[in-house]
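Participant: Provided below for reference: sequence and predicted model.
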Amino acid sequence: MDNNSTLKDQLKEYIQNKILDGTYKVGDKLPSERELSSELGINRSTVRESITEIIEDGWLKSVPRKGTYVVNQKITRNLFNLQGFSMRVKDKKLIPKIVLVNTDVVPCYEHLSRKLNVEKDSPIFCLTRLIYANEIPIQVEDIYIPLKYVENIKDFDLSVYNLTSIYDFHNISIVEARQTLTLVKLAEPVAKLLEIEIGSPAFMFNSTCYDEHSRPVEYCHSYARGDMCNFKTRLRA
């Protein structure tokens, strides 16, 4: 293994690649620590540390007195940073894809006007998009942006330019997001988009993004599959 990174990290990547290429399939039992240690010539404590991290990342599950098994890889979202979902998918070495479902300019309704601090019926650019990981739909997002901040957005090909690039063009820098997270059961329209059963558990995520002038410039309402995603945070005294 490459000496430029730690053995623990290299072993972690080795096991994850085995999962991605189908050598270890969902439901398969992972070779034991002793077997991996013997096969790869790595200390068992290093093997244990690597496996523990992969379990924490949601790729594996430890079953007492039985062993460690491959499970669906959950995409983890850190509630303390503004990293985009596709970037988090790439972090997992999965293949991300974003599919635009709909775009439109609509009058702002009252609830949304309070979120974005704009007048009711003022024009709002809205888009609905599906986010995939390895061709599996994992999240659907409805995003709303006051048109006064992105007047030229209809001129952009959203299959080519991401929102960050469009914000940069309009001299908008997102510096803060205020978020809420709720566990829900999916109704039919969203369940159909995510290709899972009606009533399946999901994370409902609402986020308002602010620029450097403390203006709310984006509101996002999304649903993430409970079997494919999880979220983490940290508390400090």
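Facilitator: Okay, I see it. Numbering: from 1, shown residues only.
Participant: Let me know the pLDDT of the most far-flung residue of the chain relative to its centre.
Facilitator: The centre of the chain is farthest from one residue, S38, which by CA atoms, centre = their mean lies 35.7 Å away. You'll see S38 listed with a pLDDT of 92.
Participant: what residue ranges in this protein score low on pLDDT?
Facilitator: By pLDDT under 70, the weakly predicted segments of the chain are 1-5, 72-93, 232-237.
Participant: Helices along that one, start to end?
Facilitator: Along the chain, counting by DSSP state H, helices occupy 7-20, 33-40, 44-56, 85-91, 110-116, 163-169, 188-194.
Participant: And those helices: which comes nearest F205?
Facilitator: Among these, the nearest to F205 by CB to CB is helix 85-91 (9.9 Å). For the C-beta atoms, the positions are set from N, CA and C on the backbone; glycine is no exception.
Participant: Rebuild the helices of the chain as TSV, extending it with distance to Y210.
Facilitator: Converted to TSV, the helices of the chain look like this (distance: least, CB to CB, whole Å):
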stretch	distance to Y210
helix 7-20	35
helix 33-40	47
helix 44-56	31
helix 85-91	19
helix 110-116	10
helix 163-169	12
helix 188-194	27
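Participant: Out of the ones you listed, the one nearest L100 is which?
Facilitator: Proximity to L100 (CB to CB) singles out helix 163-169 among the helices of the chain, at 11.6 Å.
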